[in-house]
Each structure stands twice: as structure tokens, then as C-alpha cells.
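# Below: sequence and its predicted model.
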Amino acid sequence: MNFDHSHYVSCLRWKMGEYQAVLRLSDTTKKMFTPLIQIPEIGYDFKEKRLKRTIDEHLKEFVQKKIYKKWGGSFCFVDLRLVGLSARLENGIHPVKYVFDDVREAGCSAVPVTGLDRDKAFQQEIREILAKDKRGVCLRLSIEEAAKNTSVGEIGSLLSMLRIKPNNCDLILDLGAPDNFEPLGDFAKAIQAVVSSIPNLEKWRTFSVLGTSIPESMRGMRLGVNIVRRYEWDLYRILVANFRRESLRLPTFGDYAISHPTFSERDMRLAKPSAKIRYTTDHSYYIVKGHNIRDDRFGKNKQYLKLSKKVMESQHYCGSEFSWGDEYVQVCANGGKLGSLTTWVTVDTNHHIEKVIQDIASFYAS
């Protein structure tokens with residue numbers, strides 16, 4: 001694993017809508033992109049009032065069927081923090097060990113992700129994986145963790161415990177979804193101050209900054225067209241300009257694709273999800289929202305005919321040849337396939353990744 005600032009890292013929860021989007025990426029895009037795969041939470045069955053499945057059922061063949069079959073043997077980051085630190089399989093095995101035993105068997109080139117917030121048992125499993133696989137580790141730091149006065153010592157202690165040097169570590173500074181990016185200039189200065197304090201910044205194998213401005217929920221949006229600024233992309237370009245002036249290492253751009261990092265479990269029997277398309281443009285997310293997709297009065301998923309036409313008729317549509325997702329928009333608008341909520345996560349995510357790759361290439365070519 002080794003890439004520079006012209007690459008792209010996207011943090012994905014790796015449910016069907018997202019891994020199907022990645023599967024359909026062009027081969028050229030896949031070379032410029034590394035997914036940060038988060039193995040998702042198990043989920044809760046509100047009807048039965050219990051988890052939907054056991055941890056054993058949740059992880060069984062996850063690597064083979066959902067990582068290797070969708071991403072292959074290319075490098076990726078794999079993070080188990082959403083599974084929960086206290087989780088153990090029925091036989092007592094730690095989920096981190098179980099997953100990376102499967103990674104080894106499947107022939108995946110996965111780099112384990114850890115952080116300062118992981119407990120001793122988690123870190124011990126990471127150390128064992130590093131000793132066996134020798135692929136290094138990814139350290140994922142929140143901006144709050146990195147800004148602490150004790151961060152330098154904590155990072156040093158963790159690397160010492162893992163018996164690894166920065167040149168075999170990938171560093172991700174995770175901004176999450178800030179409540180307010182503005183004023184962007186001041187926010188960029190604050191991040192620069194944090195980055196300047198990171199020890200041996202030039203020695204880390206890779207260095208990425210990750211964040212998003214996608215809202216947690218679409219419930220507050222009006223019907224029709226909504227414009228959400230891509231603050232994370234604007235912030236990144238400011239950071240690059242500032243870092244160049246100060247001769248700081250340039251970070252790789254990262255985001256959460258078209259999703260928010262916080263996932264709120266809802267009882268889907270009571271939910272009223274809206275039909276929607278989240279289309280990434282040069283500077284914003286062009287979000288077209290419809291009515292409750294379960295309501296016969298509004299045509300259920302037939303709403304996507306109108307929504308996809310709205311995207312095509314906008315000045316932002318990139319054309320059917322731009323991505324698999326863009327082709328799907330055209331097919332739907334012309335009366336073809338409608339798709340489900342999950343299908344449109346695939347469409348939106350596929351377009352987004354292709355768009356970001358193009359944006360990064362254009363930015364560094366200018």
C-alpha cells in the first residue's frame with residue numbers, strides 16, 4: 001500500500017448499495033481509489049426485540065462474499081469498530097482475528113485499521129495480524145483525538161505497543177461530519193495547526209484527511225431540488241494551498257461518499273423513506289427528493305422516473321457514458337429500470353466516486 005495526494009480514499013459502510021457501486025467502477029477508477037471498508041453493525045430487529053443475527057452469522061463469509069468478490073485482491077483498509085469492542089464469537093474468538101484469518105485465506109490485501117479509542121484486546125489482535133501479514137496498519141484519528149495535548153505521546157505509545165514504525169503506517173485524520181465548516185478559512189487554519197503537531201508527518205506511509213458535509217437525514221429537505229455544498233472538497237483545496245505555503249505534506253482527499261458517518265437504527269415498519277437521488281456535482285450535492293416510496297398515492301418507486309429526468313435536465317448531468325450510475329439515470333428517465341432505495345444508493349455512490357476521481361485529477365492538473 002502506497003499512494004500520494006492525487007489518490008482518493010472513501011469510507012464506506014460496505015452494505016449492498018455501496019459494495020455494488022464499487023463493483024461497477026471502471027478499472028481506471030479502481031486504480032486511483034482505496035476504500036476504507038467498515039464492517040457494518042449487526043442491526044436490530046425491532047419486531048423480535050433482539051439483534052438481527054449473531055456475530056458469527058454476521059461475519060461468516062463476509063470477507064469472501066462481500067470484500068473479495070466485490071473488490072478482489074487489491075489493497076483496502078478494513079475497520080471493525082462498528083462491530084463493537086466487546087463482541088466475541090461463540091467460541092470466544094475476537095472478531096478482528098476472525099476477519100483477518102479470512103482475509104489471509106481469501107487472498108485479500110487488506111490493511112487493518114485501529115485507533116486510539118480501541119481497547120487492549122483489540123490492539124493485541126492488531127499486533128498479531130501485523131506480525132503475520134506484514135502489510136502495516138492504518139491509524140484512524142478523529143480531529144478531537146489529534147488535537148489533544150497528549151496525542152503525540154499516545155500515538156507513540158500505540159506504535160511502540162504494535163511494534164511498528166510510521167513508514168509502515170497509513171494515517172487518516174477523520175473530521176467526521178462537522179456541524180459547521182464555516183468560516184472555511186478559520187477551520188482550515190485549525191486543521192493545519194493540528195497537522196503541524198503530528199509527529200514524523202513525512203514518514204507515514206500515506207496521509208489522508210477524511211470528512212463530509214452530507215446531512216445525517218433528508219427529512220428536513222423540501223420536495224424537489226435541494227443543493228448542499230460540498231464543504232469537504234472546498235476545505236481540501238484550501239488545505240492544499242495552505243500546506244504548500246508552509247511546506248507541509250499534502251494529504252490525500254477522503255470522504256464518506258454520499259452517506260453520513262452516523263447511522264441511526266430505525267424501526268423500518270414505522271419509517272417513511274423518501275425516494276431520492278443524491279447527485280454529486282462540481283461544488284455541491286444536487287439532491288432531488290420525492291415522496292414516501294411506500295405510499296401508493298405517490299406511485300412508490302415510479303417516482304424515480306420524474307427524479308431521474310430532473311437530474312438529466314439539470315446543468316449538472318455528466319452524460320450516460322460518465323459512469324455506470326449515470327447510465328442508470330438515463331435508462332430510468334427513459335422509462336426503463338426503476339430500482340429500489342438500495343439500487344439508488346448504488347447509482348449515487350458509483351457516480352460520486354467516479355466524479356471525485358475526476359475532480360482530484362483536474363485539481364492537480366491545473
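Arrived safely, thanks for sending.

# Grab the nearest non-local neighbour of the residue of the chain positioned farthest from its centre.
Largest separation from the mean C-alpha position in the chain: residue 297, at 34.9 Å (CA atoms, centre = their mean). The spatially closest residue to residue 297, leaving aside those adjacent along the chain, is residue 291, at 7.7 Å (CB to CB, 6 or more residues apart in numbering). Placement of C-beta: from N, CA and C, glycine included.

# can you give me the strands for the stretch 101-250 of the chain?
Remark: strands assigned in the stretch 101-250 of the chain by DSSP state E, counting those that start in this stretch are 109-114, 137-142, 169-174, 206-210, 224-229.

# closest one to residue 64 among these?
Closest approach to residue 64 among the strands of the stretch 101-250 of the chain is made by strand 109-114 (12.2 Å; CB to CB).

# who touches that closest one?
Identification of contacts with strand 109-114 by CB atoms under 8 Å, 6 or more residues apart in numbering yields 1, 36-37, 63, 67, 73-81, 96, 100, 103, 122-123, 126, 129-130, 135-140, 158, 162, 170, 172.

# Please spell out the ChimeraX selection for the buried subset of these.
Filtering the contacts of strand 109-114 down to the buried ones (16 or more other CB atoms under 10 Å) takes a single ChimeraX command:
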select :1,36,37,63,67,75,76,77,78,79,80,81,96,100,103,122,123,126,129,130,135,136,137,138,139,140,158,162,170,172
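
# which residues does residue 252 bridge with?
Beta-bridge partners recorded for residue 252 (DSSP bridges): residue 208.

# got a list of what it touches?
Per CB under 8 Å, 6+ apart, neighbours of residue 252: 3, 4, 5, 6, 7, 8, 9, 206, 207, 208, 209.

# what's the burial count for the fourth one?
This points to residue 6. By the measure other CB atoms under 10 Å, the count of residues near residue 6 is 15.

# circling back to that earlier point, which among the contacts of residue 252 end up buried?
Among these, those classed as buried by 16+ other CB under 10 Å are 3, 5, 7, 8, 9, 206, 207, 208, 209.

# of those residues, closest to residue 227?
residue 8 (23.1 Å).

# so that closest one touches residue 363, yeah?
No. Using CB atoms under 8 Å, residue 8 is not in contact with residue 363, being 11.2 Å away.

# rewinding a little: mind putting the strands of the stretch 101-250 of the chain into CSV with mean pLDDT?
Output for those, formatted as CSV (pLDDT from 0 to 100):
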stretch, mean pLDDT
strand 109-114, 97
strand 137-142, 98
strand 169-174, 98
strand 206-210, 98
strand 224-229, 97
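
# burial measure for residue 69, as a count.
Neighbour tally, residue 69, other CB under 10 Å: 13.

# next one: residue 279
Residues lying near residue 279 (other CB under 10 Å) number 28.

# Shouldn't it be within a helix?
No. Under DSSP: H, G, I helix; E, B strand; the rest coil, residue 279 falls outside any helix and is assigned strand.

# Could you report the distance from it to residue 316?
6 Å (CB to CB, to the nearest Å).

# Pull up the overlap in contacts between these two.
Common contact partners of residue 279 and residue 316 (CB under 8 Å, 6+ apart): residue 286.

# Can you tell me the SS state at the nearest residue to residue 26 once chain neighbours are set aside?
Distances taken as CB to CB, 6+ apart place residue 354 nearest to residue 26, at 7.0 Å, with adjacent residues excluded. Assigned state for residue 354: helix (three-state reduction, three-state DSSP).

# how about residue 354, what does it touch?
25, 26, 29, 322, 323, 325.

# Would you agree the residue farthest from the centre of the chain falls within a helix?
Yes. Remark: residue 297 belongs to a helix, assigned using three-state DSSP.

# For it, give its distance to residue 276.
As judged by CB to CB, residue 297 and residue 276 stand 17 Å apart.

# Also residue 136?
According to CB to CB, residue 136 and residue 276 sit 39 Å apart.

# What about residue 321, how many residues nearby?
For residue 321, using other CB under 10 Å, the count is 8.

# hang on, it is in a helix, isn't it?
No. Under three-state DSSP, residue 321 sits outside any helix and is assigned coil.

# Can you tell me which of the contacts of residue 354 are buried?
Buried among the contacts of residue 354 by 16+ other CB under 10 Å: 25, 29, 322, 323, 325.

# re the thing from before, is it possible to get CSV of the buried ones among the contacts of residue 252 that adds distance to residue 340?
Below are the buried ones among the contacts of residue 252 laid out as CSV (distance: CB to CB, whole Å):
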residue, distance to residue 340
3, 34
5, 37
7, 32
8, 27
9, 28
206, 36
207, 38
208, 32
209, 33
